[in-house]
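model the following, please.
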Amino acid sequence: MKKILHKAETRGHANHGWLNAYHTFSFANFYDPSRMHFGVLRVLNDDTIAPGKGFGTHPHDNMEIITIPLKGELEHKDSMGNTSVIKQGEVQVMSAGTGIFHSEYNKRKDKSLELLQIWVFPDKKNIEPRYDQITLNEEKLKNNFQQILSPNAEDDGVWIHQNAWFHLGAFDTNEEAIYKWKDKNNGIYVFVIEGELSVVDQTLSKRDGLGIWEENEVSLKFKSSSRVLIMEVPMR
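Sure thing, here's the model as predicted:
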């Protein structure tokens, strides 16, 4: 087994007033050559967006972009004609492919928006752009890892052009869970949204991240009520 720990306080940080952002991996003005990515997981941004503010129309290409609102409502518009609102309990995916323009704004004028934005390198370039979103079943998250993303359109959750699986779970204090790799050649990145847990003798707290590879299953023990995201990705 190999592992790499990223404590919450070691992340890059930028406060633009309207945007308070934390970067697990190098992004924008945060550059650390030892933290460029974890396998094909390129970006893990933890953003808080002020009421009524957001990202104006801007381009992307050849990237799989996943957005998970943690609190509030996100208003999305793109060059494919999609206009939608994504709320806590939902997941958005966008395959940028040959190129797409989009904007993302906090729909609420009275409350901040908190979200995770995740970028994954695709396994093929210049595909036709696409957009999708789903609503999660909160009951399935209870003391269980619910699959929210996979490489297969027929599976639970959204899908992307990559051999990757994401699982989200909400666990009570003193619960235990085992995560088994879908592909033994992949690695997993454990990100604690809320709470405290231990995995491979490492204690993780809110917004800590732990990458693990050259393994096929791990046990997680929850020291407090916790919400955790596991991202299984190719290590290239």
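
give me the pLDDT for the closest residue to residue 73 other than its chain neighbours.
Once flanking residues are discounted, residue 73 sits nearest to residue 107: 4.2 Å by Cβ to Cβ, 6 or more residues apart in numbering. Where you see a C-beta, it was placed from the backbone N, CA and C, and this is true even at glycine. Per-residue pLDDT puts residue 107 at 96.

now swap in the one 10 residues further on and tell me
With respect to pLDDT, residue 117 scores 98.

so residue 183 is in contact with residue 163, correct?
Yes: assessed by Cβ atoms under 8 Å, residue 183 is found in contact with residue 163 at 6.0 Å.

anything in contact with each of those two?
Shared contacts of residue 183 and residue 163 (Cβ atoms under 8 Å, 6 or more residues apart in numbering): residue 234.

what is the neighbour count of the closest residue to residue 87 other than its chain neighbours?
The shortest distance from residue 87 to any non-neighbouring residue, by Cβ to Cβ, 6+ apart, is to residue 73 (5.1 Å). A count of nearby residues for residue 73, using other Cβ atoms under 10 Å, gives 16.

for residue 149, same thing?
Neighbourhood size, residue 149 [other Cβ under 10 Å]: 26.

just the residues contacting the helix or strand harbouring it, thanks.
Applying DSSP states H and E as the criterion places residue 149 in strand 146-150. The contact list for strand 146-150 (Cβ under 8 Å, 6+ apart) reads 66, 91, 93, 134, 136-137, 140, 155-160, 164-169, 182.

if we go to 6 Å?
Here strand 146-150 makes contact (Cβ atoms under 6 Å, 6 or more residues apart in numbering) with 91, 140, 156, 157, 158, 159, 165, 166, 167, 168.

now for the chain, the helix or strand with the poorest mean pLDDT.
Lowest mean confidence among the helices and strands of the chain (mean pLDDT, DSSP states H and E): helix 138-141, at a mean of 92.

just checking the distance from it to the centre of its chain.
In terms of Cα atoms, centre = their mean, to the nearest Å, the gap separating the centre of helix 138-141 from the centre of its chain is 18 Å.

then it to PDB, C-alphas only?
Written as PDB, here are the backbone C-alpha positions of helix 138-141 (Å, rounded to 0.1, in the frame of the first residue of the first chain):
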ATOM      1  CA  GLU A 138     -30.400  10.400   1.000                       C
ATOM      2  CA  GLU A 139     -31.700   7.200   2.600                       C
ATOM      3  CA  LYS A 140     -29.100   5.200   0.500                       C
ATOM      4  CA  LEU A 141     -26.300   7.400   1.900                       C
END
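
so which elements touch it?
Here helix 138-141 touches no other helix or strand, going by 3 or more Cβ pairs under 6 Å, 6 or more residues apart in numbering; DSSP states H and E.
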